[in-house]
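[1] next input, structure requested:
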Amino acid sequence: MRGRGSGAALAASPVLVGAVTVLVTIVAVFLSYNANSGLPFVPTYDLKANLPNAAQLVDGFEVRIGGARVGVISDIEARRRADGSSYAQVTMKLDKEIEPLPKGSTLLVRPRSAVGLKYIELAPAGRGGPVLKPGATIPVRQVREPVELDEFFNMFDAKARVGSRNSLDGYGGGLAGRGQDLNSAIAAFVPLVEDAEPVLRNLSDPQTQLGRFFRALANTATEVAPVAEQQASLFVGLDASFTALSSVARPFIQETISESPPSEEVAIRDFPQQRPFLRNNAAFFKELRPGVATLPHSAPILADAFETGTDVLPKTIPANEDLADVFDTLADFSEDPVVRTGVQQLTRLSSSLRPTLRFLTPAQTTCNYATLWFRNAASLLSDGDPNGTWQRFTVVSAPTNTEQLGKVPTSDLYGPNNEGEPSSAPADGPSPYNHLHFNPYPNTAAPGQVTECEAGNEHYPDTAGKTTIGNQTGNQGVKTDGQKP
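    The predicted structure is shown next:
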């Protein structure tokens, strides 16, 4: 009964109830005020981070990892470098559960809502390696540059808004009334999506290293940034070009586009058939090169020939008419069996003469002997008087020993077997002049022989007093009378 009375007395005291209520309210306000900076007496994992600027952060903003809240910002200070530039340093109170973070972790300031609230997004690096100890500072180089919302909207300047409006007007006019076509297109996209699935699976594979591709794109954009004005002028020029093309878009460009697929199909079908023709054309023009190279020299000659031909060819018409009978006779002649037999025999004769002609041909092509023979034969009977011509000849006397002329018998002057009388052997002395020099089969550059024109080029300066019969030692060369050196 006493205890019950004490409780009732306590409840009946308004001053005591008011004091307890005020105390509870003060504790609740204190805890609420300090909740943004972490609950009191709760251990935290404190880290600092250097930011290029505060980016509209304030104390109490959240710190998140993967979207989950892991701490709050407890302090923001402005700092100055030695070169005079400034930066912001934030202090973060993080939950002990995430301690320790890898040293290579990065952070990004991201907007939490459209009204300006923000938070810090932490991206821990891979496991292993050094870690961030409590109180450590994340440097500026590990802070990713954010894109602020105002920067995003600043892209839509007056020109961009006008262009967007024109694009929407164009798309609206283009898509209006094409619901059925859009439905057909969506249905046609189904196979594309099915085929795209393995492609996207490969792209998402870590071995593909798709991230490197986007980093390379970023590097490319960085390199292209200095020439942004030139690119802008390029698009201005393209705008002028497409404006000019719009005047001929219909029907000319439209017909070109519509006719291109059938033209390409014809090309696909016909180009392989044209390939042998082009190959033969290339070979033909390759063979024409030597002839074309001579055109600068031969063109004037050909021009004179064509000019002469214009006068001569009209006169050949009667001759061609007369030749018709000749060709008819030749046709009958060629069909005669006897003629065919004769041609066959001539063919066999030519085949049998081929080795002989092959052997004799160099005598003319290399040594010019046939030309020399006809020249000498023509001059053989060219000398004469009003009564006629006579044959030219030269007397070749037998060699004699002129030093003993009139001192010794005649037989001693000429020696035995001299060329001035019948002999039983070649002239071989005793006089140094009574020695035979004779080459019955000289080399004429024929196949199997030394390449020399020996006939008519024999010299015997070192064979005086010595009989020499046959080919002379050494090569006598291929120059004969009437040839240029």
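[2] the longest strand seen in the chain pairs with which strands, and in what direction?
    Ranked by number of residues, the top strand in the chain under DSSP state E is strand 68-80. Pairing partners of strand 68-80, with direction, according to DSSP bridges: strand 62-65 (antiparallel), strand 86-94 (antiparallel).
[3] mind putting these in CSV, distance to Val190, mean neighbour count and mean pLDDT included?
    Where C-beta positions appear, they are placed from N, C-alpha and C, glycine not excepted. CSV is the format used below for those (distance: least, Cβ to Cβ, whole Å; neighbours: other Cβ atoms under 10 Å; pLDDT from 0 to 100):
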stretch, distance to Val190, mean neighbour count, mean pLDDT
strand 62-65, 39, 19, 88
strand 86-94, 48, 18, 89
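[4] a markdown table for those, including distance to Ala299?
    As requested, these are exported to a markdown table (distance: least, Cβ to Cβ, whole Å):
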| stretch | distance to Ala299 |
| --- | --- |
| strand 62-65 | 87 |
| strand 86-94 | 82 |
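[5] out of those strands, nearest to Arg250?
    When those are ranked by distance to Arg250, counting by Cβ to Cβ, first place goes to strand 62-65 at 55.8 Å.
[6] mind listing residues that contact that closest one?
    The contact list for strand 62-65 (Cβ atoms under 8 Å, 6 or more residues apart in numbering) reads 69-73, 92, 94, 98, 112, 119-124.
[7] wait, which of the strands paired with strand 68-80 is closest to Glu194?
    Nearest of the strands paired with strand 68-80 (Cβ to Cβ): strand 62-65, 36.7 Å.
[8] follow-up on the earlier one: what about the longest strand of the chain, distance to the chain center?
    Distance, stretch centre to chain centre, for strand 68-80: 58 Å (Cα atoms, centre = their mean, to the nearest Å).
[9] in it, which residues are buried?
    Val70, Gly71, Val72, Ile73, Ser74 (16 or more other Cβ atoms under 10 Å).
[10] still on that earlier bit, closest to Asn53 out of the strands paired with strand 68-80?
    strand 86-94 (5.7 Å).
[11] the closest one: how far from the chain's middle?
    Distance, centroid of strand 86-94 to centroid of chain: 56 Å (Cα atoms, centre = their mean).
[12] and the contacts of that strand?
    Counting by Cβ under 8 Å, 6+ apart, 37-38, 44-55, 57, 63, 70-81, 120, 137, 140 sit against strand 86-94.
[13] again, only this time at 7 Å
    37-38, 44-54, 57, 63, 70-81, 120, 140 (Cβ atoms under 7 Å, 6 or more residues apart in numbering).
[14] then stretch 96-116?
    By Cβ under 7 Å, 6+ apart, the surrounding residues in contact with stretch 96-116 are 43-45, 49, 51, 55-57, 65, 70, 118-127, 129-133, 138, 142-144, 146, 149.
[15] what's the span of that stretch, first residue to last?
    29 Å (Cα to Cα, to the nearest Å).
[16] flag every buried residue along it.
    Buried residues in stretch 96-116 (16+ other Cβ under 10 Å): Ile98, Glu99, Leu101, Ser105, Leu107, Val109, Pro111.
[17] coming back round to it: what is the nearest of the buried residues of strand 68-80 to Leu217?
    Val70 (31.7 Å).
[18] go ahead and confirm that closest one touches Asp95.
    Yes: using Cβ atoms under 7 Å, Val70 is in contact with Asp95, at 5.2 Å.
[19] below-threshold pLDDT in the chain: ranges please.
    1-13, 15-17, 27-41, 114-115, 147-149, 392-416, 419-421, 461-464, 482-485 (pLDDT under 70).
[20] for Ala455, which three-state class applies?
    Secondary structure for Ala455, judged by DSSP: H, G, I helix; E, B strand; the rest coil, is coil.
[21] ok now the helix or strand harbouring Arg110, how far from the chain's centre?
    Here Arg110 sits within strand 106-111, counting by DSSP states H and E. Distance of strand 106-111 from its chain centroid, counting by Cα atoms, centre = their mean, is 47 Å.
[22] can you check stretch 256-273 too?
    26 Å.
[23] just stretch 97-116 next, same as before
    Computed by Cα atoms, centre = their mean, the chain-centroid distance of stretch 97-116 equals 50 Å.
[24] just stretch 266-283 next, same as before
    Worked out by Cα atoms, centre = their mean, stretch 266-283 lies 22 Å from the chain centre.
[25] next: stretch 68-83.
    56 Å.
[26] could I have it exported to PDB, CA atoms only?
    Only the C-alpha atoms of stretch 68-83 are listed here, as PDB (Å, rounded to 0.1, in the frame of the first residue of the first chain):
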ATOM      1  CA  ALA A  68      23.800   1.700 -49.500                       C
ATOM      2  CA  ARG A  69      24.500   4.300 -46.900                       C
ATOM      3  CA  VAL A  70      27.800   3.600 -45.100                       C
ATOM      4  CA  GLY A  71      28.500   7.000 -43.500                       C
ATOM      5  CA  VAL A  72      28.200  10.800 -43.500                       C
ATOM      6  CA  ILE A  73      30.200  13.900 -44.200                       C
ATOM      7  CA  SER A  74      31.300  15.400 -40.900                       C
ATOM      8  CA  ASP A  75      33.400  18.300 -42.000                       C
ATOM      9  CA  ILE A  76      34.300  20.300 -45.200                       C
ATOM     10  CA  GLU A  77      37.300  22.600 -45.200                       C
ATOM     11  CA  ALA A  78      38.900  24.800 -47.900                       C
ATOM     12  CA  ARG A  79      42.600  24.200 -48.400                       C
ATOM     13  CA  ARG A  80      45.300  26.100 -50.400                       C
ATOM     14  CA  ARG A  81      48.200  24.500 -52.300                       C
ATOM     15  CA  ALA A  82      51.700  25.900 -52.500                       C
ATOM     16  CA  ASP A  83      51.100  27.300 -56.000                       C
END
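[27] contacting residues around it?
    So stretch 68-83 is contacted by 36-38, 54, 57, 59-64, 86-95, 98, 120 (Cβ under 7 Å, 6+ apart).
[28] alright, that wraps it up for me.
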